[in-house]
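Chemist: Show me the folded form of this:
(one chain, ligands or ions: 1)
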Amino acid sequence: MTDAKTAIDETVKANDVVLFMKGTKSMPQCGFSSRVAGVLNFMGVDYQDVNVLEDETIRQGIKDYSDWPTIPQLYIKGEFVGGCDIITEMTLSGELDGMFDENGVIYDKDAADKIREANA
Ligand SMILES: N[C@@H](CCC(=O)N[C@@H](CS)C(=O)NCC(=O)O)C(=O)O
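Modeler: Next comes the predicted model:
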């Protein structure tokens, strides 16, 4: 295993929810990352953010790890869930709530409903 793959593997296994993003959860540096972090922040999810702009090997490594060409990338319990488009759709459909429920991830259901109401 490469160093990057090992580091990614350890991170997604050690944290229930991980967002590989450009920038940080408090200061995203890309609109796509900002959107996903914004959803998770608004829903009060406790997640680990990984700023790929700080490490080129992680930036490339995460694309190889998931075989997905772009960032952001959200992982729940070690499994790749999706990027910005997928997470946006899953938020609006309620599928993300279901995935959090199934995996015991704590989040604010009212906040999730508010996002859906605002986008109805
Ligand atoms: N449609 C994508 C949008 C994300 C995207 O296009 N990301 C680009 C620009 S931030 C990217 O990661 N490019 C490769 C790179 O910058 O390493 C999604 O749903 O996540």
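Chemist: Would you mark the buried spots in stretch 88-107?
Modeler: For stretch 88-107, burial by neighbour count (16 or more other CB atoms under 10 Å) applies to 88, 90, 91, 92, 96, 97, 99, 100, 105, 107. To be clear about C-beta, it is placed using only N, CA and C from the backbone, and glycine gets the same treatment.
Chemist: Sorry, wrong one. I was asking about stretch 41-52.
Modeler: Within stretch 41-52, the residues that count as buried by 16+ other CB under 10 Å are 41, 43, 45, 47, 49, 50, 51, 52.
Chemist: is it up against the ligand anywhere?
Modeler: No - applying CB under 6 Å from any ligand atom, one finds stretch 41-52 out of contact with the ligand, separated by at least 7.2 Å.
Chemist: and if you look at stretch 58-70?
Modeler: Yes - with CB under 6 Å from any ligand atom as the criterion, the ligand is reached by stretch 58-70 at 59, 70.
Chemist: circling back: of the buried residues of stretch 88-107, just say which sits nearest to the ligand.
Modeler: Checking the buried residues of stretch 88-107 against the ligand by CB to the nearest ligand atom gives residue 88 as the nearest, at 7.7 Å.
Chemist: just checking, the closest one is part of a strand?
Modeler: No - using DSSP: H, G, I helix; E, B strand; the rest coil, the assignment for residue 88 is helix, not a strand.
Chemist: farthest-separated two in the buried residues of stretch 41-52?
Modeler: The span of these, defined through CB to CB, is set by 43 and 52 at 22.2 Å.
Chemist: how far does stretch 91-101 sit from the chain's center?
Modeler: 13 Å (CA atoms, centre = their mean, to the nearest Å).
Chemist: What lies in contact with it?
Modeler: When contacts are defined by CB atoms under 8 Å, 6 or more residues apart in numbering, stretch 91-101 is touched by residues 39, 45, 76, 81, 87, 89-90, 105-107, 109, 112, 115-116, 119.
Chemist: Likewise for stretch 103-120?
Modeler: Contact partners of stretch 103-120, identified using CB under 8 Å, 6+ apart, comprise 16-17, 39, 42-46, 76-77, 91-92, 94, 96-97, 99-100.
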